[in-house]
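S.K.: Using only what follows, build the 3D model:
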Amino acid sequence: MTLFRKKAQKNKALDLLLDDLKQTKSELDLAYSNFENVVDPDLIDSCIYQVNAVQLRYKFLLGRVKRFG
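M.R.: Next comes the predicted model:
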């Protein structure tokens, strides 16, 4: 019985990671879109920081997903 619980918990954790990865991909697409549409220099800088931050989160989550399997 314990083996099944551990496997179910592992699957649930992987599902949560995949959901986070999918959401982060959407955020990254939005950040790129914002970057392409701004013209003010201050907003361009802000978008660059946002893209970099979301890219780092995506990279982190992708690494975590790869550890599962």
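S.K.: Please state the offset of the helix or strand hosting Y32 from the chain centre?
M.R.: Y32 is part of helix 2-37 when elements are defined by DSSP states H and E. For helix 2-37, the separation from the chain centroid amounts to 6 Å (computed by Cα atoms, centre = their mean, to the nearest Å).
S.K.: Buried by neighbour count: which residues of the helix or strand just after it qualify?
M.R.: Tracing the chain C-terminally past helix 2-37 and defining elements by DSSP H and E, one meets helix 41-68 next. Neighbour-count burial for helix 41-68 flags 47, 50-51, 54, 57-58, 61 (criterion: 16 or more other Cβ atoms under 10 Å). Every C-beta, even on glycine, is put in place using the N, C-alpha and C of the backbone.
S.K.: Remind me what the helix holding Y32 packs against, helices and strands.
M.R.: Packing partners of helix 2-37 (3 or more Cβ pairs under 8 Å, 6 or more residues apart in numbering; DSSP states H and E): helix 41-68.
S.K.: Assess the claim that A31 and N52 are in contact.
M.R.: No. Judged on Cβ atoms under 8 Å, A31 makes no contact with N52 at a distance of 9.0 Å.
S.K.: returning to that earlier point: I'd like to know which of the buried residues of helix 41-68 is nearest to K12.
M.R.: Distance to K12 across these (Cβ to Cβ) is lowest for L61, with 15.9 Å.
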